[in-house]
Structures are given as structure tokens and as C-alpha cells.
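J.: from the sequence below, what's the structure:
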Amino acid sequence: MIVMNVVRIANFPEISTVGRRIGAVLMLAALVASCGEKQQAGGPPPPAVTVAEPTKRTVTDYDEYVGRFVAVSTVEVRARVSGYLEGVHFTDGSRVKQGDLLFTIDKRPFQNAAAQARASLTQAKTNLAFTEADFTRGKELVAAKTITDQVFQQRSQAFNNAKAAVAGAEAAVRTAELDLEFTELRAPIDGRIGDRRVSPGNLVTGGAAGNTTLLATIVTDDPIRFEFTIDEASYLRYDRMFKADKDNGNGAKSRGAGIPVSLKLIDENAFGHEGKLDFFDNVISTSTGTIRSRAVFDNPKGLFTPGMFARIRVPASTPYEALLVPDVAIGSEQTRKFVLAVDTDNKAKPKYVELGQLVDGKLRVIKSGLAASDRVIVNGMARVRPGQTVRIAAAPAGGGPQAAGQGKPPAAPATATSPK
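T.: Just a heads-up that it's a prediction; the model follows:
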């Protein structure tokens, strides 16, 4: 019909050119429409997807907390005697060992005091020798009735006073020598010392009072402690888990002491530093609802510094066997999570699952809703609608969950982490 109309138009010379053009356009439109009808009748091919069975592995859940390092021991170096600072014998920020000389105070006043105390002791000993001899003679004289009992008692009293004077003089000598020794300030512990707070030539106030002069501080850093806080619910879960392990003979100690933990610094990606829990506080804070916890780490290279922030990973469960799928295979439907599984008819069906924690940054633990034999769509999920027939493509080479129809790899331990 379209061709006949084109022919009729072509018989009129004045409109032959325009008619031919219109006819060609109409014929082309008809051809395109007929092709579209054929393609629509056939339908698009099934989308190609990659499927894989869940990986079965033994995993352990972990919780993460932020905390900071604290020194096992911190010592403030203060003088025990007052005087002028004479010398500083360390480099600021260096490591010191117990007994190393740190500061010296002018010794001359204390040397004089010690010499005076020794002289007083010598005088007291001389007096003691005289009174002792007088007392010995008095015993013979009083027995012969040559002196009265009163005179003898006086000699006895003088002898006892002389002995007391010697004891006091000896104590004064020890005190003077101790003060002289205190003019040399030595490191009480091994550790790293800070900077000097007082320069030589300044007057240093010493003694046992609270207004003494702070000269420097020393902190220990090997081993070093890491303090963090956990919420009450997590503490109860840990405590029950640790006690259950102890009852089962697994060697776990009460309140988590000795449980292995790991740590990473703020510029690190992996938890590569191993340590152990050693303390849970005996009270829960009523203001925050948290309890203070502590772990201990070896620090032979001095990498950890008191006050430094880091993240610690604490076991939140005993090892258990779980199914894992790639995290990219998880879909969301409002608050529910699902995966698309391919049935025996190659149709995609949603399976709503309960998610666990992320393992190794790529795999997600599935706690319920999925079977080990399910074929889960891991690639091409965006092209598939629930109930749609799919075409299973070959799985790409590489790690991850085992492709459907292939042998499963042996189970290996993994970790699942939940930040706090």
C-alpha cells in the first residue's frame, strides 16, 4: 500500500522529487517498526552472572577499642637536700639505667657538716671512755665503803649519759653522710628520662615537703601498658566467655587475665603487635557505664610511647565455624539484608540473612539464612531481578569463596572485627 502511493505521486512531475523522498522515509519507518516487533517478541537474553558457594571457615569475632599507652612506672626526680645545682650528667630524652648519675648538688656544705658530726662523735667517745673508767673504779670504792652510794650513782649516771651521747653522735654522722650522699641524684629505675627542668647554678629546694623542686621525670617503656574502657554489656560477655573457657579447661583465667590481644597504631593497617590482657578494674563508672581495662605489650624497640593513641582488638567469641560470602554480594532492602541465590532452574531468588562481622576486609560472616550448598551471585547482581532467569558465567581466577561446582578449600582460621 505504501509502495502504490509512492508510485502514484511519482506520476506528477511537479511533486515527483518530494514524493520520492516522503516515500523513502515511510518505507524506512515501516522496516524499523517491523524489526522492533520481532526483537520484542524474542526478548533480551538472560543476564550473565558469577556464582559461588559460601566459604566455610573457622572464625573468631573481635571487638576494637581506642585507648592510649601508659608507663608501668613513672618517677619524678626531686632533690632530698637543698643546695645549688652543680651539674647535669645526662642528655635530655636519653635512656638511663638504675644507678646512673643524673644531677649533683654543691657538696661542700654537707662535707663540712659531716666532718663536724665526726668530730662530735670523737668527743663523745672520749667522754665515754673517761666515764666508763670512773664508773669501774666507783664500783670498787663503794664496795670498800670509801665513797657513798650517792657518789657512785652519779658516776653511773655519767657513764650512761656518755653512752647515749655516743649513740646520738653516731646517728648525727650517719645523717650527715646520708645528706652528703643525697647531693648526687641517681636514676631510681631503668627508663627514658625527659628534659632537665633546672639548669646548673640554680637553688634547688629539697626535703620531704611538697614544695620541693622537680628536676626531671623518668618513665619505663618496656614493657608498656595500654589502657582502654569497655562498656558494661561487653564486659559481662567477656567475663562469661572467659569463665566458660576456664571451666572447659582451656586455660583462660578469671576476668580475662592472660587473654591474647593485638594492637595497631594510627598509621598502621594491620593489628601486628601482640600482647595480653592483665587487668579489669573492680568498679564500673557510674557516670559513663564503662570499666577500665588494661593490656601489656613488650616494647624492645621503644616504638610505643606513653600517651600515644592506638586501637586494640579483643576476642569477642570463642572460635566457631561460619559461612562467608563476599561483602559485595550483600544487598539491602530497607532494614533487611539479603543475597541472591540461584536455584536449580537458574532463577535468582532472594535469601534474607543475618550478617556477622567483616573478615579480612572482604568477606562477610553469615550467621543465619544461608546454606553451605547455596549458589550465591557474587558478580552481576545489579543486572538481576528476583525471580529472573540468569546465565551462569565462568568464575574469574583468584581467591575468595569457591566457585560453584568446584572443590572447597580447607578451612583456615580467620578473624572478624567490630569497631567500638
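
J.: got any ranges where the chain has weak pLDDT?
T.: 1-43, 245-256, 395-420 (pLDDT under 70).

J.: okay, which residue is most central for it?
T.: Ile312 (3.4 Å; Cα atoms, centre = their mean).

J.: which strand or helix spans that one?
T.: In this structure, Ile312 sits in strand 309-315 according to DSSP states H and E.

J.: that strand pairs with which strands, and in what direction?
T.: With DSSP bridges as the test, strand 309-315 is paired with strand 55-70 (antiparallel), strand 260-265 (antiparallel).

J.: quick one: closest of those to Ala322.
T.: For Ala322, the closest of the strands paired with strand 309-315 is strand 55-70, at 5.0 Å, according to Cβ to Cβ. In this view, the C-beta of every residue, glycine as well, is placed from N, C-alpha and C.

J.: how about that closest one, which residues are buried there?
T.: By 16 or more other Cβ atoms under 10 Å, the buried positions in strand 55-70 come out as Thr55, Lys56, Arg57, Val59, Thr60, Asp61, Tyr62, Asp63, Glu64, Tyr65, Gly67, Phe69.

J.: is it correct that the third one is in contact with Val325?
T.: By that I understand Arg57. No. Contact status for Arg57 versus Val325: not in contact, 11.4 Å apart, counting by Cβ atoms under 8 Å.

J.: mind giving me the domain ranges of this protein?
T.: 48-59+319-419, 63-70+226-315, 74-219 (automatic domain parsing).

J.: quick one: the helices in this protein, in order.
T.: 2-10, 16-42, 108-143, 149-181, 232-247 (DSSP state H).

J.: for the nearest residue in space to Ala79 that is not next to it in sequence, the count of nearby residues, please.
T.: Of all residues not flanking Ala79 in the chain, Gly206 sits nearest, at 3.6 Å (Cβ to Cβ, 6 or more residues apart in numbering). When neighbours are counted by other Cβ atoms under 10 Å, Gly206 registers 19.

J.: again with the one 4 residues further on
T.: Counted by other Cβ under 10 Å, the residues lying close to Gly210 total 5.

J.: now it. Its backbone dihedrals?
T.: For Gly210, the backbone dihedrals are phi -80, psi -10 (criterion: degrees, to the nearest 10).

J.: can I get stretch 224-244 as CSV, trimmed to CA atoms?
T.: Provided in CSV are the C-alpha atoms of stretch 224-244 (Å, rounded to 0.1, in the frame of the first residue of the first chain):
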residue,chain,number,x,y,z
ILE,A,224,54.4,-0.8,78.5
ARG,A,225,50.7,-0.8,79.4
PHE,A,226,47.7,0.1,77.2
GLU,A,227,44.6,1.3,78.9
PHE,A,228,41.1,1.5,77.4
THR,A,229,37.5,1.4,78.5
ILE,A,230,34.8,-1.1,77.6
ASP,A,231,31.0,-0.9,78.1
GLU,A,232,29.2,-2.9,80.7
ALA,A,233,27.5,-5.2,78.2
SER,A,234,30.8,-6.2,76.6
TYR,A,235,32.4,-6.7,80.0
LEU,A,236,29.7,-9.1,81.0
ARG,A,237,30.0,-11.0,77.7
TYR,A,238,33.8,-11.2,78.1
ASP,A,239,33.6,-12.3,81.7
ARG,A,240,31.2,-15.1,81.0
MET,A,241,33.2,-16.2,78.0
PHE,A,242,36.5,-16.3,79.9
LYS,A,243,35.0,-18.2,82.8
ALA,A,244,33.4,-20.7,80.5
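
J.: many thanks, have a good one.
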